[in-house]
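Colleague: need a structure here:
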Amino acid sequence: MMVLTAAAAQISVPLPFTPCRSPSSPMVVLLGGVVLGPELGLLSQVLYLAAGLAGLPVFAASPVLPQGPARLLGPTAGYLLSYPFAAWVAGVLARRGLDRRYLTSVVAMAAGLAVVFTCGVLWLALFAPGAGTRSLGAALSIGFYPFVVADVIKLCLAAAIMPAAWKFLSPSLGLRSRRHSVQRSRRHAVAQRPRISEATESQERLAAHEPEACLAASVDHLLRIDALIERGPGPPPSSVDPTILMRPAGVQRGAQCCSRFTGFAIS
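Modeller: This is a model prediction of the structure:
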């Protein structure tokens, strides 16, 4: 995306009444944020500015404004320095789904373009050469009004790219997501097979050792019956041991055996 920004910067229209040129790079910056996302979009524009600081001819060609670090001190520095932030804003809005439809895509890219114009005009009014004698209205007249109509037209054209791409890719993405869901279901079924086998083996071991479980339960309940006899006459408590309901079938069978031979109803 840094290379595309540098290439788009070479396509610019000089205007005689303003030191700022009308390049196509802002639209590439906004598309980069929408396509790459906020983090990578911002990083690509930081690399673009770093290449310009290193002296590479990545900025718009101009007979008046030189390439290199001096460009970031001239009248167009505010626009250039705003590129990372504009890409980040457009990327954040696109991540929230605003790039899926045309109108919302226009909103996302317009927010990024607003960042570019705001930084550019403020730079012209406050920091650019001659800013001491330049009012905000003068900054708008040379840095906003001459470019806004053309940039809005270019924005409306660029905003149609991502919705068209989503519309073209959505069938294949839907098929891919269905394949992933089927694969996840198969992996889940394979992962559950050992657990089912272990549960089956546990049940078989319990059935094999059920007599021992019955004997242990019988001894346990006989001791508790003896405690009830020592307690004296009166109805037995309604619930002797609430954990009996959580015991295996063999333990419940032992309790039934003790109740049948002793006459005490143990639940």
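Colleague: Could you list the low-pLDDT ranges of the stretch 51-200 of the chain?
Modeller: Residue ranges of the stretch 51-200 of the chain with pLDDT under 70: 132-133, 170-183, 185-186, 188-200.
Colleague: Apply 90 and report the result again.
Modeller: Within the stretch 51-200 of the chain, the stretches with pLDDT under 90 are 60-67, 70-71, 73-75, 127-138, 142, 146, 165-200.
Colleague: Can you identify each of the helices in it by residue range?
Modeller: 77-93, 102-126, 136-143, 145-158, 161-208 (DSSP state H, counting those that start in this stretch).
Colleague: helices or strands up against the shortest one?
Modeller: Where contact means 3 or more Cβ pairs under 8 Å, 6 or more residues apart in numbering; DSSP states H and E, helix 136-143 is packed against helix 102-126. From N, CA and C alone the C-beta is placed, and that goes for glycine too.
Colleague: in the helix it packs on, what's buried?
Modeller: 104-106, 108-113, 115-117, 119-125 (16 or more other Cβ atoms under 10 Å).
Colleague: Just want the angle from that helix to helix 77-93.
Modeller: Angle of helix 102-126 versus helix 77-93, following axes from the mean of the first three to the mean of the last three Cα atoms, to 10 degrees, is 150 degrees.
Colleague: Helix 102-126 packs against which elements?
Modeller: On a contact count with 3+ Cβ pairs under 8 Å, 6+ apart, helix 102-126 meets helix 25-36, helix 77-93, helix 136-143, helix 145-158, helix 161-208.
Colleague: tell me the angle the shortest one makes with helix 145-158.
Modeller: It stands for helix 136-143. Orientation of helix 136-143 against helix 145-158 (the same axes, to 10 degrees) gives an angle of 50 degrees.
Colleague: residue contacts, the residue lying closest to residue 122 once chain neighbours are set aside?
Modeller: Using Cβ to Cβ, 6 or more residues apart in numbering and skipping the chain neighbours, the partner closest in space to residue 122 is residue 78 (6.2 Å). Going by Cβ atoms under 8 Å, 6 or more residues apart in numbering, residue 78 touches 119-124, 127-128, 143.
Colleague: Mind putting these into CSV with distance to residue 68?
Modeller: Listed next are the contacts of residue 78 as CSV, based on distance: Cβ to Cβ, whole Å:
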residue, distance to residue 68
119, 20
120, 20
121, 24
122, 23
123, 18
124, 21
127, 18
128, 17
143, 22
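Colleague: Out of those residues, flag the one nearest to residue 23.
Modeller: residue 120 (11.7 Å; Cβ to Cβ).
Colleague: Now do the closest one against residue 80, distance only.
Modeller: 9 Å (Cβ to Cβ, to the nearest Å).
Colleague: With residue 111 instead?
Modeller: 19 Å.
Colleague: Name the residues of stretch 134-143 that are buried.
Modeller: Across stretch 134-143, burial judged by 16+ other Cβ under 10 Å covers 134, 139-143.
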